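Student: Got a sequence here, can you build the structure:
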Amino acid sequence: MVRFIDAHREADGVEPIGAVLPIAPSTDYEAKARERDPSRLPTRTHRDAALRPEIQRVWAATRGRYGARKAWKALRREGRLVARCTVTRVFKAMGLRGVVRGRRVTTTVPEPLAHRPQDLVQRNFTATRPNQLWVSDLT
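Tutor: Presented below is the predicted three-dimensional model:
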């Protein structure tokens, strides 16, 4: 929304745009102040920025195998106390993922352009009232 306000600031002004959109003008002013002075960013943003290299190092040391939970445990073993949800949030923000074990294997992928058999029994699965239609499958 701040980018939209920036694009239309000269033509309409911040307050009239804020009156129409669900955003307070102070939100725009604070975003501009944070762009000028990064020390005004929230403490969590500063902490996440400090954690990024460490999380990247742990993830790279395991050749991308560790997910957020195991990376969190590795950081704790190294003496770095950080919340698991913080590691998960930073993992997602960095686009990192660990190896996922036990994925379901897709054995059948239907061809989207393949011919489908006609509905010869003319099934109608719409009910006009509760408990009117019962469906079962014998395959």
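Student: Quick check: residue 101 vs residue 70, distance?
Tutor: 12 Å (CB to CB, to the nearest Å). Where C-beta positions appear, they are placed from N, C-alpha and C, glycine not excepted.
Student: One more: residue 12?
Tutor: Residue 12 is 50 Å from residue 70, where distance means CB to CB.
Student: Please apply the same query to residue 136.
Tutor: According to CB to CB, residue 136 stands 44 Å off from residue 70.
Student: So between these two, which is more surrounded?
Tutor: residue 70 (16 against 4; other CB atoms under 10 Å).
Student: Assign that one to helix, strand or coil.
Tutor: State at residue 70, reduced to three classes by DSSP: H, G, I helix; E, B strand; the rest coil: helix.
Student: so where's the chain uncertain?
Tutor: Scanning the chain for pLDDT under 70 picks out 1-2, 6, 9-10, 14, 19, 133.
Student: Can you pull the domain assignment for it?
Tutor: Domain segmentation of the chain under automatic domain parsing yields 1-40, 42-100.
Student: With distance to residue 111 as added columns, please give these in JSON lines.
Tutor: Listed next are these as JSON lines, based on distance: least, CB to CB, whole Å:
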{"stretch": "domain 1-40", "distance to residue 111": "42"}
{"stretch": "domain 42-100", "distance to residue 111": "27"}
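Student: okay, those domains, which one's buried deepest?
Tutor: Most buried of these by mean neighbour count (mean count of other CB atoms under 10 Å) is domain 42-100; its value is a mean of 14.
Student: And that one, end to end?
Tutor: Domain 42-100 has an end-to-end distance of 33 Å (CA to CA, to the nearest Å).
Student: mind checking how far that domain is from the chain centre?
Tutor: Centroid separation for domain 42-100 versus its chain: 16 Å, with CA atoms, centre = their mean, to the nearest Å.
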